[in-house]
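1. everything below, folded, please.
(2 chains)
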Amino acid sequence: MVSRFDQQKTKHQLFHVSLSLATILICMTYMQYRRNWAHLGSFWDSLVVPIVFLGELLKVVLARFYGRVEDGVLTVKQRQKKAAYFTPRELLGGFTLQFLCTLLYAFICIILGAPVLGNYEQTFVLALLMTLLTVSPTVFLLGGGGALQVCFCEKPDFVTKCEDTALNLFKYNALGGILGAWAGSVVAPLDWGRDWQAYPIPNVIGALLGSALGNIYACTHVLYATARVYMTKKRT
Amino acid sequence: MEQHKSRLVYTIGMLTLFLSGAVFFLIGFFPASYSMAEDPGTVPGGRPTTLHGVELTPPPPAYGSFILFLVDALRDDFPDATSMPVAHSRACEKLTLHVDIPTVTMPRLKSITTGTLSNFIDIALNVGHTEQLQDSLLHRLNQRNKVVSFAGDHTWVKLFPSEFTRHADNHDSFYVNDFYEGDRNVTTTLESELELSDWSLLILHYLGLDHIGHVEGNASPRVPLKLKEMDEAVQKILDHKNFPNYFLMLTGDHGMADGGGHGGNTPAETLVPLYLYSNNCSKATSGTKRYNQIDLAPTLSVLLSVEIPTPSIGCLIPEMLQTLPLEHQMYAYFYNAHHLLNKARVKFGHDRVHRSDYYTWYQNATLLHKKLLQDSGGGASQVYQVQAKLNYMRVAREISGLLSESLVKFDYGFIALGLALTTATSLHIVISVLYLDLTEQLQLDSLKAGQFLVSAVAAVLLNVTSHALDIILTSSMLQSVLLTIPIAIAVYLTIDVAQALLKIALPPLYTRRLRISIPLPIPLLVCFAIRTLTLGSSSFIEFEYKTWYYLGNTLILLTAFRTLRRRITKTNVELDGRHLYTVASTCLWQMRKVFVMLMLLTLMRYIHRLQAIRSTIMIFSLLLLWARLHRHSQLPQSVASGAALCMVYCFRGLNGQVHFFEMPPYMAAKLMVPTLVVFWCCLALVLVLGYRAALPQTQRFADEPPTVALLQLLQTNLTSSLLLAALLQKVPNILLLPMLLVALQQTYKLCDVFGTSARKFSVRLVHVYKIIMTIFLARMFFFFQGNSNSLSTIDLTPGYIGQTSYNPAVVGLFVTLNTFGAEIHAFLYLVVHTLRSDLRSVGIMQLQPPYSIAADSLIAPLYAALVMLPAAFYLCLMVGFRYHLFIYSVFSPKVLYDCYTVLVFYLVFLVTSLYFKLFKHDA
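-> Predicted structure coming up:
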């Protein structure tokens, strides 16, 4: 498939990536503004989680916006799915799924060395952030059941083209976030004695930076594909 | 089927070569006699008698009798107003001494008597071998025919066999369960010596405190009692009427870590108190000043009016000289500065010394000193005196620092040889495991005569050249000739490795492309690489357990999630997205055991905090262990092992560590020995019952495949090793034994999912997963147990269970089995598991390559390679870091641990492969 700058898909991808990067930039600016990073792990005091939440919501809105041109050519299944988006059942399912994911992330944090009962607030914030970076966008886009199917089925047939584009980009975001948060722990044993080495600051920052890197990687992919098309066209 | 060849012999050979390489490296890195390398004749001895033409007379001894009261492992915060009231209140000066590593007794005694730093490897020699010193404070006293008397630790007599006029030493200094008897003997000797009072130096070395620390920890209730006893002994000396003019020093040889051990580098271990007592003391400064332990030797020499020992590089301790007349004090400072300057001249050469700052200071000081000698009295002399003293001290401190830095010497010839051997062997084995085609092509695992001849010739040439260039120094001709053999082997292996690497790196021309013959999953590779690379940072080594917990748990989680996902996807294929919630939750429920295991692994981290419920935990863990053992053994055997475990509980109960029947102490002491005897009988019974299988006359196994007998034997070995470990482990740590088995079993179950088909590649994938998981889990349990990379956490108590005296072999075996238990059991379990799953799959999938073949053709070499590769890498790092600030405190203990881990693996492996050779007669 060819991709050009003026194509809807490429535009969507680029907008999506810039939204992610903007979210992370805003987070970084906020952190720079607050100077002291010790609050990063607290639930009520830190704005990182709401900012990321807003960013993910905006991405979903973007996908819906670009998806509206496809409205005319939907299959029956896709139409059904779309109609069921705001039903209580779907909402409840999505919420439950996210909640379970947060619990799972908290469990993983504890398994990997977070204090079991102390610092529960920090663990919760980290788990929430990880959920927002990985699971939430998909759930916002497709609902709880849809997200599960995307995870475990070959290729569900209710996913529209536009949603597929968004899902692909979410994947980079999620992978980058997980790897970043995982790698963030590297500073924990070092004897530098800085206050930002305290749990969960390196992991939060690692998650943000990781997802930024993932997005940059996705962006280069898109740009590379576009450039290739552009070059071949020029040659012919 | 070339890859089905047994490669046990090859692996053993490689491990042997690796270990010999490691020994060469250690010899080169920690030259055992570097202090002797410097010729004592070159430093001018004797006390100076002139200063710029002015006659000087060495002062007489400052006190009539000196007493060195040494309490083993007396750390800085032990003596205080409540624990040692007399010693604390009557001290003239309370100073703190800084002790150098290694903080174990023998090197510390060397420092106290010679005033020089000790070699790191002395820590290994601490237990057995002791070389006699050439020159020390005691030698100097002996030359002047002064009476020196000694009582206490046997190590002193080994160091100074003929220097003491009288000695009453403990016979068994290493028997740590002796808390009181040795000390009582020392106090008796003290009393008789106090009556005799003909000596000029009396040395008392009390060991009880150290033993209490080793067995019961620093918070033991016996510690205050012991300190009280020490206090009474001090009081005896202070109140004795025979001594009008005494000088008593109360100090420790090294401190005690918070767990009760020592050998490491924490402040608790490296700081010891030095309390000084004399008749005519002025209660002066209250602030504690810190000096070095090596400062004791020159200060004592000056006070005793003998020559400073030649190797001494210490400064003087001004507080100890305060009571001397000013003239004598100035002489002492001058003498020590003079001595150090002479040493610096020998070490650095005249020119460098003359150009240095400290030489100018020395000149200033001597000029002032001379003025002081010429016009005594007057106001100016006070100023001169202070200035001269300050300058002398400055010179001494500066040179002392410089000399202690330059004391390190490496033997680069041996280091290079050791590195070549270790690196070549580990690369060799890695290549031969990864590239089976290449191994076959180059015949890596068989000896080639032609190549060996070439390398022998090269080795002879190399050996002669390096001897000619003085790169390798040996003490005898025979050693030099023998050195050719390791050099030849190193050259041979290097040729092999170079050939193989060339083949891999060069693009294929005629032959087909070389393919890696075992799969290397990226997550495993990444974790292994991280684990290897983090060896380069001192804080990662100090907190190595964090790395292992993190990576190990990550790997288990990753495998669990992959398995979960695969299961859900598989079930979901035909359902097409319906009932996904149900499917997901069912699959999650199926994995519940794994999650429970993960939670338990997290709990293991806090196992040392569960002291309060230790009886419950002990019963629970013994039951769990028994249930695990019962699974794979026949009834009689499991009855015997159950009885053995009961005896373990009884033993701990009699020791008072867990709840048990109330009984008077003498009864408990009487019952202890029978309990242990019954335990050993049960263990023997387990062994005998298991080994019946191997006897040729038994008919039961005649019709079964020989692998069954082999499995039976290995299983018996594992069982008995676990039973013995249950006896040796600390009470809360017993839980780790069954937990290790549970964790390994669950992890193997997870790994089995990767074997989707019966193809060779996917079977190997399962093996690779299992091997790496085993290594990670074993290391995790090694650290759960409370081990670390510091030598102070080695627990010596298990070595003395059921012992009445110090027997190096038994103690070594028990301590090793206790410390490295997790690694030994994990490897044995891996082998047993592989054999068993082979038996289970017989007849089900005939296509599958037999696992028993995998056990010796894949698992053994790969496991060995994965053990050796990081160790070889670490040895290379050590050379890079040889001038690092933490080289002796952080990196060197780790190198000992690493080499010892390989040695333990080697021994276990040797035994296991012996069984393979003997009992596997498959067609």
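
2. okay, CA-based contacts and neighbour counts for the rest of this
-> Fine.

3. what parts of chain A come near chain B?
-> Counting by CA under 8 Å from any CA of the partner chain, chain A comes close to chain B at A:108, A:110-113, A:145, A:148-149, A:152-153, A:156, A:189-191.

4. determine which two of the residues you listed are furthest apart.
-> For those, the farthest-apart pair by CA to CA is A:Pro156 and A:Asp191; their separation is 49.5 Å.

5. which phi and psi does B:Ser312 have?
-> phi -60, psi 130 (degrees, to the nearest 10).

6. pLDDT score for it?
-> Looking at B:Ser312, its pLDDT is 85.

7. how about the one 4 residues further on?
-> For B:Leu316, the model assigns a pLDDT of 88.

8. nearest residue to it in space, ignoring adjacent ones along the chain?
-> Sequence neighbours aside, B:Thr299 is the residue nearest to B:Leu316 in space, at 5.1 Å (criterion: CA to CA, 6 or more residues apart in numbering or on different chains).

9. quick one: the lowest-mean-pLDDT helix or strand in chain A to chain centroid distance?
-> Lowest on mean pLDDT, DSSP states H and E among the helices and strands of chain A sits helix A:76-83, with a mean of 78. Helix A:76-83 sits 24 Å away from the centroid of its parent chain (CA atoms, centre = their mean, to the nearest Å).

10. buried residues in it?
-> In terms of neighbour count (16 or more other CA atoms under 10 Å in any protein chain shown), helix A:76-83 has its buried residues at A:78, A:81-82.

11. check stretch A:114-134 too.
-> For stretch A:114-134, a neighbour-count test (16+ other CA under 10 Å) marks A:114, A:120, A:122-134 as buried.

12. what's the closest of the residues you listed to B:Phe783?
-> Of all the buried residues of stretch A:114-134, A:Ala114 has the smallest distance to B:Phe783: 17.3 Å, by CA to CA.

13. between the two ends of stretch B:660-668, how far is it?
-> Length of stretch B:660-668, first residue to last, CA to CA, to the nearest Å: 11 Å.

14. mind telling me what element B:Tyr291 is part of?
-> Applying DSSP states H and E as the criterion places B:Tyr291 in strand B:290-292.

15. hmm, back to that, now, of the residues of chain A next to chain B, which are buried?
-> The buried subset of the residues of chain A next to chain B - by 16+ other CA under 10 Å - is A:108, A:110-112, A:145, A:148-149, A:152-153, A:189-190.

16. restricted to helices, list those.
-> Taking DSSP state H, the ones among those that sit in helices are A:108, A:110-111, A:145, A:148-149, A:152.

17. closest to B:Cys646 out of those?
-> B:Cys646 lies nearest to A:Ile111 out of these, by CA to CA, at 33.5 Å.

18. from B:Ser633, how far off is the closest one?
-> 34 Å.

19. can you give me the pLDDT of A:Val60?
-> Note for A:Val60: predicted pLDDT of 91.

20. same deal with B:Asp703?
-> Per the predicted model, pLDDT is 55 at B:Asp703.

21. next one: B:Thr698
-> Note on B:Thr698: pLDDT of 51.

22. contacting residues around the residue positioned nearest the centre of chain B?
-> Closest to where the C-alpha atoms of chain B average out (CA atoms, centre = their mean) is B:Leu791, at 4.3 Å. B:Leu791 makes contacts with B:262-264, B:893, as judged by CA atoms under 8 Å, 6 or more residues apart in numbering or on different chains.

23. between the residues you listed, which has the most around it?
-> Highest neighbour count within the contacts of B:Leu791, by other CA atoms under 10 Å in any protein chain shown: B:His262, with 28 neighbours.

24. report how many residues lie close to the closest residue to that residue other than its chain neighbours.
-> Nearest residue to B:His262, sequence neighbours excluded (CA to CA, 6+ apart): B:Ser792, at 4.3 Å. Residues lying near B:Ser792 (other CA under 10 Å) number 26.

25. note down every partner strand of the strand holding B:Tyr291 and its orientation.
-> Counting by DSSP bridges, the strands paired with strand B:290-292 are strand B:93-98 (parallel).

26. where does the stretch 351-500 of chain B get nearest to chain A, which residue?
-> Using CA to the nearest CA, B:Glu405 is the residue of the stretch 351-500 of chain B that sits closest to chain A, at 24.3 Å.

27. check which helix or strand that residue maps to.
-> Using DSSP H and E, B:Glu405 falls in helix B:379-406.

28. average pLDDT across that helix?
-> 83.

29. after that helix comes which helix or strand?
-> helix B:412-434.

30. right, and A:Ser20 touches A:Gly55 too?
-> Yes. In this structure, A:Ser20 is within contact of A:Gly55 by CA atoms under 8 Å, at 6.7 Å.

31. rewinding a little: what's the helix holding B:Glu405 packed up against?
-> Packing partners of helix B:379-406 (3 or more CA pairs under 8 Å, 6 or more residues apart in numbering or on different chains; DSSP states H and E): helix B:326-348, helix B:357-374.

32. tell me the centre residue of chain A?
-> Chain A has A:Leu133 as the residue nearest its centroid, 3.4 Å off, counting by CA atoms, centre = their mean.

33. secondary structure class for that residue?
-> helix (DSSP: H, G, I helix; E, B strand; the rest coil).

34. my guess is it contacts A:Ala174. True?
-> Yes. Counting by CA under 8 Å, A:Leu133 touches A:Ala174, with 5.6 Å between them.

35. what is in contact with the two at once?
-> Joint contacts of A:Leu133 and A:Ala174 (CA under 8 Å, 6+ apart) are A:Ser211.

36. after the helix or strand of chain B with the lowest mean pLDDT, next one along is what?
-> None of the helices or strands of chain B scores lower by mean pLDDT, DSSP H and E than helix B:34-37, at a mean of 45. Later in the chain than helix B:34-37, the nearest helix or strand by DSSP H and E is strand B:50-51.

37. which SS class is B:Phe150?
-> Following three-state DSSP, we place B:Phe150 in the strand state.

38. contacting residues for it?
-> With contact taken as CA under 8 Å, 6+ apart, B:Phe150 is in contact with B:164, B:166-169, B:202-204.
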